[in-house]
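Novice: Mind folding the following:
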Amino acid sequence: VQLQASGGGLVQPGGSLRLSCASSGFTFGYYAIGWFRQSPGKEREQISCVSSSGNTYYADSLKGRFTISRDNAKKSAYLQMNSLKPEDTAIYYCAAKYYSGTSCQSLSYTYWGQGTQVTVSS
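Specialist: Coordinates of the predicted model:
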């Protein structure tokens, strides 16, 4: 089982990035996918998720700026991040959990990717 997060980098405030989460070793379509982030000195927080049926969740602070999606045929999920702010600087992780429900927040995720660094700075 493997999750590989990618797409991070250095971007100026107001810019955009698209993170990808590629999977292997499990039946991706049956899994909820979550995106988390952790900034230095802060706890890891869940920022978004998409259920196996396509229902989505966003942290209140991100609504309207981030969009999560999934492509079951490619066994991948994505996080489109727009209007980035310096406070979005963090390591971003994707995670997966076998789950058939529609509400994907607050799950105890089973598989985790290694994280990708996002730095928003001028």
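Novice: Centroid-nearest residue for the chain?
Specialist: Trp35 (2.5 Å; C-alpha atoms, centre = their mean).
Novice: So what are the sheet partners of the helix or strand hosting that residue and their directions?
Specialist: Using DSSP states H and E, Trp35 sits within strand 31-38. Using DSSP bridges, the strands paired with strand 31-38 are strand 45-50 (antiparallel), strand 90-98 (antiparallel).
Novice: who wins for proximity to Asp60 among the ones you listed?
Specialist: strand 45-50 (10.2 Å; C-beta to C-beta). No exception for glycine: its C-beta is placed from N, CA and C like everyone else's.
Novice: Quick check: mean pLDDT of that closest one?
Specialist: Taken as a whole, strand 45-50 carries a mean pLDDT of 96.
Novice: hmm, who's touching that strand?
Specialist: 32-38, 56-59, 62, 66, 68-70, 77, 79, 104-107 (C-beta atoms under 8 Å, 6 or more residues apart in numbering).
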